[in-house]
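> Sequence first, then the predicted structure:
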Amino acid sequence: MKFSDEFILLLKARYPLIYISTQEEDRLEYIIRKSVQNVLSRGIFTWDFVDGYNINKINQGIAKRNPLQALEFIETFAPETPNVFILKDFQKFFADIGISRKLKNLTRSFKIQPKTIIILTTNIVIPDELRDCITIIKFQLPQLYEIKKELQKVLNSLNQKIDNQILEVLSQACQGLSFERIRRVLSKAIATFKKIDERTITLVLNEKSQLILQTEILEFWPATEKLEDIGGLENLKDWLKKRSNSFSEKAFNYGLPIPRGLLLVGIQGTGKSLIAKSIAHEWKLPLLKLDVGKLFAGIVGESELRIRQMIEIAEALSPCILWIDEIDKAFKDSKGDSGTTNRVFSTFLIWLSEKKSSVFIVATANDISTLPLEIIRKGRFDEIFFIGLPTFEERKIIFKIHLSLLRPETWKFYNINLLSEKTENFSGAEIRQSIIEAMHLGFYEKREFTTTDIFFSIQQIIPLAQVDPEKIEKLQNWSLSGKIRLASKLL
């Protein structure tokens, strides 16, 4: 049900006290006025602590800095007069026994009067004595169709046209922002580029990063990595490419369910984190990283509050990618914490199963055996992929990617076949490190680094597969058991 429809229904049903939480006070007040005047023809009076009621040029500042008088003013109207009273930030006065009692008395009389009090605020705080009187309704941030309409209005004012696909992506990027922020970032784009185009998307994502800075739980990560910068993993890449437009309006109209996310399991250094960044870049979505350590605060009940805050922020900024690194360590040990980890984990699991928002989760784990079975069952994630040590062909691609980035003019002079043969059981991170070590050697000797230098570095590096061979072999054998989908085509 649309907000305006639900709101009008509550007014017609004579709900006495409606509580609406929003950051978009002006937009909400506009919709309330439009709904009330067009459908019910009721009078509307607005009060705030600083300015009071401003009825007309003569009656200004009524009940200024006096919340009790603001409620008494409501009683001055005849019982049969239909009115709506908007009180801003009024929850701050609930602790006053006189205010809460007056509200209860008013709501009792409103049962037979066409009057409604609306409290506008940025957060929900309701004392026990008023819980039975108050009805809470949600005022959502602008929906996709509203954002498109606003963007089209701006484009028309500029006499500018843009490609429909760019408009679609830009509209998606703006989801999670208020109209005020959207207009601000569009003004910035016009001031910077003299027009609105695909470059505006980057500015929108930067604007979203400002919201993330206001919380300690999530971090905004810039994503510049591309899928082609990752060697191998063709099965996983193909799976991702087929879902690259799954958050579009066309996908919604087609009836596609919103993708839930991925769980990437595998050996350290095989590119699991790189995949998370590349998805955000390829899909042109903001990348949020969850710092699980900051979820678990010292105060009792704080951790549960923080996981709910994380969910609210992620959903408000959707569509987005939520990256949870090493989830196996986050929910591994719950002993000695009075059940805090279990409660946080339970809240997270429920959200995974029931979420309807466009939050695509990319969780990584090094050891799936330590994860609770509840998180890996079907329905939590769309798919679970295993990322193992790169094969010979994949190692060739990895060497080519790194060398072509570092030496775009001369990378073909390196003996990639030889280097790939000598790096069996090396991870992608260890291959990159062998090149970096060779560069240090060449730089120290004031010359260009060579294949020989890389070969020497390879001999000096002890790969993780040799440090803990039993664990790595166990993981590799388990991946071949058919219980998990493989990210690579070749093994």
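Great, that's in hand.
> For the helix or strand residue 456 falls within, enumerate the helices and strands it packs against.
According to DSSP states H and E, residue 456 maps onto helix 451-460. On a contact count with 3 or more Cβ pairs under 8 Å, 6 or more residues apart in numbering; DSSP states H and E, helix 451-460 meets helix 416-421, helix 428-444. Every residue, glycine included, has its C-beta placed from N, CA and C.
> Try it again at 10 Å.
Here helix 451-460 touches helix 392-406, helix 416-421, helix 428-444, going by 3 or more Cβ pairs under 10 Å, 6 or more residues apart in numbering; DSSP states H and E.
> Select, out of these, the one closest to residue 484.
Shortest distance between residue 484 and those, using Cβ to Cβ, is found for helix 392-406: 18.1 Å.
> Send me that closest one as PDB with only the CA atoms.
C-alpha atoms of helix 392-406 as PDB (Å, rounded to 0.1, in the frame of the first residue of the first chain):
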ATOM      1  CA  PHE A 392      48.400 -23.800 -14.600                       C
ATOM      2  CA  GLU A 393      46.300 -22.000 -17.200                       C
ATOM      3  CA  GLU A 394      44.900 -19.700 -14.600                       C
ATOM      4  CA  ARG A 395      48.400 -18.900 -13.300                       C
ATOM      5  CA  LYS A 396      49.400 -17.900 -16.800                       C
ATOM      6  CA  ILE A 397      46.500 -15.500 -16.900                       C
ATOM      7  CA  ILE A 398      47.300 -14.100 -13.400                       C
ATOM      8  CA  PHE A 399      51.000 -13.500 -14.400                       C
ATOM      9  CA  LYS A 400      49.800 -11.800 -17.600                       C
ATOM     10  CA  ILE A 401      47.400  -9.500 -15.800                       C
ATOM     11  CA  HIS A 402      49.900  -8.400 -13.200                       C
ATOM     12  CA  LEU A 403      52.800  -8.000 -15.600                       C
ATOM     13  CA  SER A 404      50.700  -6.100 -18.200                       C
ATOM     14  CA  LEU A 405      49.600  -3.700 -15.500                       C
ATOM     15  CA  LEU A 406      53.100  -3.100 -14.200                       C
END
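> the bottom helix or strand of the protein by mean pLDDT?
Least confident helix or strand, the chain: helix 292-295 with a mean of 73, by mean pLDDT, DSSP states H and E.
> List the buried residues for it?
For helix 292-295, a neighbour-count test (16 or more other Cβ atoms under 10 Å) marks 292, 295 as buried.
> Then stretch 200-220?
Per 16+ other Cβ under 10 Å, stretch 200-220 contains these buried residues: 200-201, 203-205, 207-209, 211-212, 215, 217-220.
> Which pair in those residues has the greatest spatial separation?
Maximum distance among these (Cβ to Cβ): 28.0 Å, for 200 and 217.
> Quick one: closest of the helices and strands packed on helix 451-460 to residue 117.
helix 428-444 (60.2 Å).
> Please name whichever of the buried residues of stretch 200-220 scores lowest on pLDDT.
When these are compared by pLDDT, residue 215 scores lowest at 67.
> Report the separation between the spatially most central residue of the chain and residue 223.
By Cα atoms, centre = their mean, the chain has its centre lying nearest to residue 314, at 3.0 Å. When distance is defined by Cβ to Cβ, to the nearest Å, residue 314 is 16 Å away from residue 223.
> so residue 341 touches residue 296, yeah?
Yes. With contact defined as Cβ atoms under 10 Å, residue 341 counts as touching residue 296 (7.3 Å).
> Do you have the strands of the protein handy? List them.
17-21, 43-48, 52-54, 60-62, 83-88, 115-121, 134-138, 218-221, 261-266, 287-290, 320-324, 359-365, 383-387, 485-486 (DSSP state E).
> what comes into contact with the least confident helix or strand of the chain?
Counting by Cβ atoms under 10 Å, 6 or more residues apart in numbering, helix 292-295 makes contact with 215-219, 302-307, 309-310, 324-327, 329-331, 340-341, 344, 348, all of which sit outside it.
> 8 Å instead, please
With contacts defined as Cβ atoms under 8 Å, 6 or more residues apart in numbering, helix 292-295 is touched by 216, 217, 303, 306, 307, 310, 324, 326, 327, 329, 330, 344.
> Hmm, residue 232 and residue 393 touching each other?
Yes. With contact defined as Cβ atoms under 8 Å, residue 393 counts as touching residue 232 (7.4 Å).
> neighbour count winner among these two?
residue 232 (24 against 14; other Cβ atoms under 10 Å).
> Contact partners for that one?
390, 391, 393, 394, 397, 398, 487, 488, 490.
> Can you add pLDDT and distance to residue 451 and give those residues back as TSV?
Formatted as TSV, those follow (pLDDT from 0 to 100; distance: Cβ to Cβ, whole Å):
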residue	pLDDT	distance to residue 451
390	89	19
391	89	21
393	90	19
394	90	19
397	92	17
398	92	15
487	88	29
488	86	26
490	54	24
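> In the residues you listed, which residue is surrounded by the most others?
Busiest of the contacts of residue 232 [other Cβ under 10 Å] is residue 390, holding 29 neighbours.
> how close does that one sit to residue 249?
Taking Cβ to Cβ, one finds residue 390 at 38 Å from residue 249.
> repeat for residue 345
Plainly put, residue 345 is 34 Å away from residue 249 if you go by Cβ to Cβ.
> Please apply the same query to residue 41.
36 Å.
> between the two, who's got more neighbours?
Ranked by neighbour count (other Cβ under 10 Å), residue 41 and residue 249 place residue 249 first, with 14 against 8.
> what's the more buried one in contact with, if anything?
Contacts of residue 249 by Cβ under 8 Å, 6+ apart are 144, 168.
> Check residue 434 too.
By Cβ under 8 Å, 6+ apart, the contact set of residue 434 is 419, 423, 426, 454, 457, 458, 461.
> And the pLDDT at it?
pLDDT, read off for residue 434, is 95.
> how much space between the residue lying closest to it once chain neighbours are set aside and residue 122?
In space, and not counting its chain neighbours, residue 434 is closest to residue 457: 4.3 Å by Cβ to Cβ, 6 or more residues apart in numbering. Noted for residue 457: a distance of 56 Å to residue 122, by Cβ to Cβ.
> Between the two, tell me which one has more neighbours.
Using other Cβ under 10 Å, the more surrounded residue of residue 457 and residue 122 is residue 457, with 20 against 11.
> And that one, what's its pLDDT?
95.
> ok, now how distant is it from residue 441?
7 Å.
> Pull the contacting residues for residue 386.
265, 266, 479, 484, 485, 486, 487.
> Low-confidence bits of the stretch 1-150 of the chain, can you list those?
The stretch 1-150 of the chain contains residues with pLDDT under 70 at 1.
> what do you get if the cut-off is 90, keeping everything else the same?
1-4, 21-24, 35-41, 54-60, 95, 111-112, 121-133, 138-146 (pLDDT under 90).
> repeat for the stretch 351-491 of the chain
351-358, 365-380, 386-391, 425, 462-491.
> Distance from stretch 418-430 to the middle of the chain?
Distance of stretch 418-430 from the chain centroid (Cα atoms, centre = their mean, to the nearest Å) equals 36 Å.
> who's in contact with it?
Contact partners of stretch 418-430, identified using Cβ under 8 Å, 6+ apart, comprise 230-231, 267-271, 389-390, 392, 395-396, 398-399, 431, 434, 451, 454-455, 458, 461, 463-466, 472.
> Now restrict those to buried residues only.
230-231, 267, 269-271, 389-390, 395-396, 398-399, 431, 434, 454-455, 458, 463-465, 472.
> quick one: residue 120 from residue 329, how far?
In terms of Cβ to Cβ, residue 120 sits 42 Å off from residue 329.
> who has more neighbours, those two?
Using other Cβ under 10 Å as the criterion, residue 120 and residue 329 rank with residue 120 on top: 23 against 15.
> Noted, bye for now.
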